[in-house]
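*Asks:* coords please:
(chains A and B)
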Amino acid sequence: MSLTVLNVIAAVVIAIAFAAANAAYLVWAERRGAARIQRRPGPNINGPFGLLQPPIDGIKLMTKQLMIPGGADKILFMVAPVLAMAPAIMSFVTIPFSEGIVARNMDIGVLMIFAFASLGAMAILFAGWGSRNKYSVMASVRAVSQNVSYEIPMLITAITVIMVNGSMDLKAISLAQAGGFWHWNIFPSLQSPLMPVSFIIFFICSLAETNRAPFDLGEAESELVAGFHTEYGSMGFGLFFMGEYANIVIGASLTTLLFLGGWGCPFGLFPGVWWFLLKIYLLIATFIWIRWTFPRTTIYGLLNLSWKILIPISLFNLLLTAGLLKVF
Amino acid sequence: MSAPIQLRPDETFLLNVGPQHPATHGVLRVKMQMDGEYIVKAETVLGYVHRMHEKMGENRTYAQYLPNLSRLDYLGALGYTHGHVLAIERAAGIEVPERAEYIRAITVELNRVASHLFWFGAFVMDLGGFSPLMYAIQDREHILDMLEAVTGARLTYCYYRFGGLYNDVDDDFIEAAKRFIPRMRKSLKKYDALVTGNIIFQKRLEDIAPVSAEMCRKYGATGPVARGSGINFDVRKNEPYSVYPEFDFEVPVYHECDSMARYKVRMDEMEQSLRIIEQGLEKLPGGPIMTEKKPKNIKLPVGDFYQAVETARGSFGIRIVSDGDKNAYRLKLRSPTYSNMHLFDEACEGMLIMDALAFMGSLDLVIPEMDR
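*Replies:* Numbers count the residues shown, from 1 in each chain, chains lettered A, B, ... in the order given. The predicted model follows:
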C-alpha cells in the first residue's frame, strides 16, 4: 500500500520536474530559435549559449510581488494560474515515453488527456473574468471559443486513429505502429486512406489548442495588450507560461504517439525513449518555426476554419474509416 | 467588411485603447464604444505629445526653426525640413545650386525608403508576425548609416540649409548608395515572398477597412492612404518642386481601397524611390552645394507663403505668414498624418477591433507628427 502511494508521489514529482524543466528550456529554445530566424543573437550572456537564462528568469519571477488588481475576483484570479498548470502535469502522468517509462498507463489514456486539456479553457476563462480587465475578458472569450471549436476536429481525428488501432491505450496505439516508419499511422493504409489529412488536421488543432501563433488570439499582444494574462505578474504569469509550454509538449507527445509511431525507430532499430524525445522536439521546433513566420489569423477566420473546413473533413474521414474497417 | 450581426448600440461598453497601447505605436488614445468585438463608435483623442511646434515657429528665426521640423516625424524627418527650406527659398528668392537639389532629392528618397521599411515591419507586427520587423530594421540600418555619415544624425536630421546644404556628400556615400539599391531590390522580393504572398496576411487585409476616395477627400487624406483609394495625387508629380521633374518615376495607385491597397502602394513606392535614387546618383552634377548670394539674416517679404512636399506619409504643407520680420507672424504646419488619422473614426465603425487596429497600422501614423 505504502509502496503504491510512494510510487504515485514519485510519478507526480517527476512529472512536475519534467514539465517545469521543459517549460524553462523551451522558453530558452524558443528565444534562441526566434533570434536565429530574426538574425540576432538572442539570450547569450548568462552561461554558455545563454543556458543559465531560464533559471535566472525563474528566480526573477519568483521574487516578484504578486499583485492582485483592485476589483479583481481574488479567488478566481489566484486559482486560474494553478488551474492552467495542474492539468498539464496530470496529463504527463499517462504519457508513455517508451515501453517501460510511463507513470501510470491507463486504458483510457487518450480520453484522459483530452479531459484534462479541456480544463485549460477553464483556467483562461477564470483568468479573464477574474482580472476585471476588458482586454482580458475579450481575450478569454476568444480563447475559450477557439478551444471549444478546435477540440471537436481534434477529438474526431483521434477517434479515427483509435478505431484503426482498436485501443484508447496510448501504449497499445504506439506498439501497434512498431517496426519501421511504414507502419506509422501518418501514412495511408487500406483501412484509412486519409491518414495524412488526419495528421495535418491534428497538427493544426494542437497549434490552436495550445493558443500558439498563428492562432494566439487569446494573447494577441498587438490588440489585447497581453490577452487573458494582462494583469498577471510574477509567478502567476510564470505558471501560465509554464502551462503553455507544458501543453505544447503534451500536444507534440500526443501527435507523436498517435501518428508518428511513439518511441519506435523509423527503421525498426533500437526503439526507445530517445526516439520519442527526438520526435517531440522536432515537432516543437516546427511549432516555434511556424510561430515566428506567420502573422495572426482573425477570430472569425479561425472559427470558420474549424467549423467549415476541419470538422467536415474530419467527419468524412471518420465515416470513411468506419466503413472501410467493416470492409477490410 | 461590415458587421455580419446586428449591432446593439444600447448594450455596449467603453474600451479605452491607449494612450499606452501596443497597437497605437505612440501616445494616441482611442475611446471605443464596443459591442463585443465590434466597434460601434470610435473617438480619437489627440494631443498627448503636443509640443507647440507652430507657436515655436513664431518665436524663432527661420533658421533656428529648422531643427524643429525634424522633430515632427522621427521616421521621415528629411522630408519635413525639405518643405521648410523650399518655402523659405521660394519666399526669399534664394537660388539653390543644382547639386544641392539633387542631393536633397536623393537623401529624401532614402529617408522615404527607411520610413516605409519601418512601417512595413511595424505593420506586420501589428498583424502578429514578428520576424519581418527585424529584416526591415536591418535594411533600414544601412540607410541610417549612410545618412549619418553625411548629415551627422540618424533620425533628427538638420541637413538642409537655406540655399543649399550643410555638408557635401563624399564618394563613400555615393558608393554605399549604389551598393544599397540592388540589395534593397533583393530585399523587396524577399518581403513579397515572405509577407505579401502569405495567405493569412492576405485574408487579414483584403476587403478589410475600405476607405472610399470620397472619404479621403472629405478628410483631406493624402499620400499612400489616398493613393490606395484610387486618387492619383502625389505632390512630386502634381505640384512639382525641387528637381523631381527631372526624374522618371511612377506614382503607384491602387483602386481596391482596402488595407491591402495601402500596403501595396507603400511597397511599390519603395521601388519607385529606389529608381529616383538611382537616377539622381547618375545625374548628380558637380559644383557648389551652397549658394553665394544669401543674406545673413533671412527676412521674408510681407506676405503669405505655402509650400507642399510629398513626405513618406503624404502631403506636408508649411504655411508662413510673414510681416517682414525675421521670424514668422504665423506658421501653420499641415501634417499628413493628422488628416489621415481622422478617417479612422468614421471608417472603423462596425469593424472588428482586430481589423480596426490593423487598419490603424495601414494608415502609418506617427503620433508626434500628428500632435506637433
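*Asks:* For the residue in chain A that chain B sits nearest to, grab phi and psi.
*Replies:* Residue nearest to chain B within chain A: A:R296 (2.8 Å; Cβ to the nearest Cβ). Using the backbone N, CA and C atoms, a C-beta is placed for each residue, glycine as well. For A:R296, the backbone dihedrals (degrees, to the nearest 10) come out as phi -80, psi 150.
*Asks:* does it really touch A:E219, like I thought?
*Replies:* No - counting by Cβ atoms under 8 Å, A:R296 does not reach A:E219; the two are 9.2 Å apart.
*Asks:* on that earlier part again, any idea how far the residue of chain A closest to chain B lies from A:L51?
*Replies:* Using Cβ to Cβ, to the nearest Å, one gets 30 Å for the distance from A:R296 to A:L51.
*Asks:* for chain B, what are the nearby residues on the stretch 201-328 of chain A?
*Replies:* A:213-214, A:216, A:220-223, A:225, A:292-301 (Cβ under 8 Å from any Cβ of the partner chain).
*Asks:* which of these count as buried?
*Replies:* For those, a burial check counting by 16 or more other Cβ atoms under 10 Å in any protein chain shown picks out A:213-214, A:216, A:220-223, A:225, A:292-299, A:301.
*Asks:* re earlier: identify the residue spatially nearest to the residue of chain A closest to chain B, adjacent ones excluded.
*Replies:* Once flanking residues are discounted, A:R296 sits nearest to B:G128: 2.8 Å by Cβ to Cβ, 6 or more residues apart in numbering or on different chains.
*Asks:* Count the neighbours of that neighbour for me.
*Replies:* 26 (other Cβ atoms under 10 Å in any protein chain shown).
*Asks:* ok now do it, which residues does it touch?
*Replies:* By Cβ atoms under 8 Å, 6 or more residues apart in numbering or on different chains, the contact set of B:G128 is A:A213, A:P214, A:D216, A:A220, A:S222, A:F294, A:P295, A:R296.
*Asks:* Was I right to think the first one contacts A:T297?
*Replies:* No - in this structure, A:A213 sits apart from A:T297 without contact. The criterion is Cβ under 8 Å, and the distance is 9.2 Å.
*Asks:* Enumerate every residue touching the closest residue to A:E219 other than its chain neighbours.
*Replies:* Spatially, and ignoring its direct neighbours in sequence, A:E219 is nearest to A:G227 (3.8 Å; Cβ to Cβ, 6+ apart). For A:G227, the contact set (Cβ under 8 Å, 6+ apart) comprises A:Y135, A:S136, A:A139, A:S140, A:A143, A:D216, A:L217, A:G218, A:E219, A:A220, A:E221.
*Asks:* so is the first one in a helix, a strand, or just coil?
*Replies:* Per DSSP: H, G, I helix; E, B strand; the rest coil, the local secondary structure of A:Y135 is helix.
*Asks:* is it true that it touches A:T230?
*Replies:* Yes - assessed by Cβ under 8 Å, A:Y135 is found in contact with A:T230 at 5.4 Å.
*Asks:* shared neighbours, the two?
*Replies:* The contact lists of A:Y135 and A:T230 share A:L224, where a contact means Cβ under 8 Å, 6+ apart.
*Asks:* Close to chain A: what parts of the stretch 151-300 of chain B are there?
*Replies:* B:L194, B:V195, B:N198, B:I200, B:F201, B:K203, B:R204.
*Asks:* Low-confidence ranges, chain A, go.
*Replies:* A:1, A:103, A:218, A:221-222, A:268 (pLDDT under 70).
*Asks:* which residues of it fall in helices?
*Replies:* In order along the chain, chain A carries the following helices (DSSP state H): A:2-37, A:53-63, A:74-93, A:109-131, A:134-165, A:170-176, A:195-209, A:234-259, A:273-291, A:299-304, A:311-327.
*Asks:* pretty sure A:T210 contacts A:L254?
*Replies:* No - A:T210 is not in contact with A:L254 according to Cβ under 8 Å; the separation is 10.9 Å.
*Asks:* anything in contact with each of the two?
*Replies:* In contact with both A:T210 and A:L254: no residue, using Cβ under 8 Å, 6+ apart.
*Asks:* burial measure for A:P81, as a count.
*Replies:* 25.
*Asks:* residues contacting the residue lying closest to it once chain neighbours are set aside?
*Replies:* Nearest non-adjacent residue to A:P81, counting by Cβ to Cβ, 6+ apart: A:L239, 3.7 Å away. Residues in contact with A:L239 (Cβ under 8 Å, 6+ apart) are A:P81, A:V82, A:A84, A:M85.
*Asks:* Let's see that with 10 Å instead.
*Replies:* A:23, A:61, A:80-86, A:88, A:123, A:229, A:232, A:246 (Cβ atoms under 10 Å, 6 or more residues apart in numbering or on different chains).
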